[in-house]
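Participant: sequence? don't have it. structure:
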């Protein structure tokens with residue numbers, strides 16, 4: 001059964017390749033969803049897939065790429081909607 005992970009990542013997570021990192025980790029875990037920089041300096045991540053793979057992905061979100069400094073990851077579990085066919089970066 002698929003689930004949805006919705007997360008907000010704070011710290012030094014913009015301009016450090018965090019979105020690219022999240023996308024690569026999602027691809028490795030065969031997850032769908034999206035990642036987006038928010039105006040307040042945080043990063044929003046929505047991912048859907050198998051719970052075990054999502055938990056592995058969540059651990060990676062706490063680590064981030066080499067240049068990032070993750071302060072916190074607030075997240076919640078929801079029912080998957082199936083709205084995503086791949087994992088993509090939202091540029092806005």
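Facilitator: Nice, thanks for sending it over. Since the structure is predicted, the reported quantities are computational estimates derived from the model, not experimental observations.
Participant: Okay, and the beta partners of the residue nearest the centre of the chain?
Facilitator: Centroid-nearest residue in the chain, with C-alpha atoms, centre = their mean: residue 45, separated by 3.5 Å. Residue 45 forms beta bridges with residue 7, residue 35, as assigned by DSSP bridges.
Participant: Go ahead and confirm it touches residue 61.
Facilitator: Yes: applying C-beta atoms under 8 Å, one finds residue 45 in contact with residue 61, separated by 6.3 Å. Using the backbone N, CA and C atoms, a C-beta is placed for each residue, glycine as well.
Participant: ok so, going back, looking at the residue nearest to the centre of the chain now. What's its pLDDT?
Facilitator: Residue 45 carries a pLDDT score of 98 in this model.
Participant: so what's it up against?
Facilitator: With contacts defined as C-beta atoms under 8 Å, 6 or more residues apart in numbering, the neighbours of residue 45 are 5, 6, 7, 8, 9, 22, 33, 34, 35, 61.
Participant: What's the mean pLDDT across stretch 76-92?
Facilitator: Stretch 76-92 carries an average pLDDT of 96.
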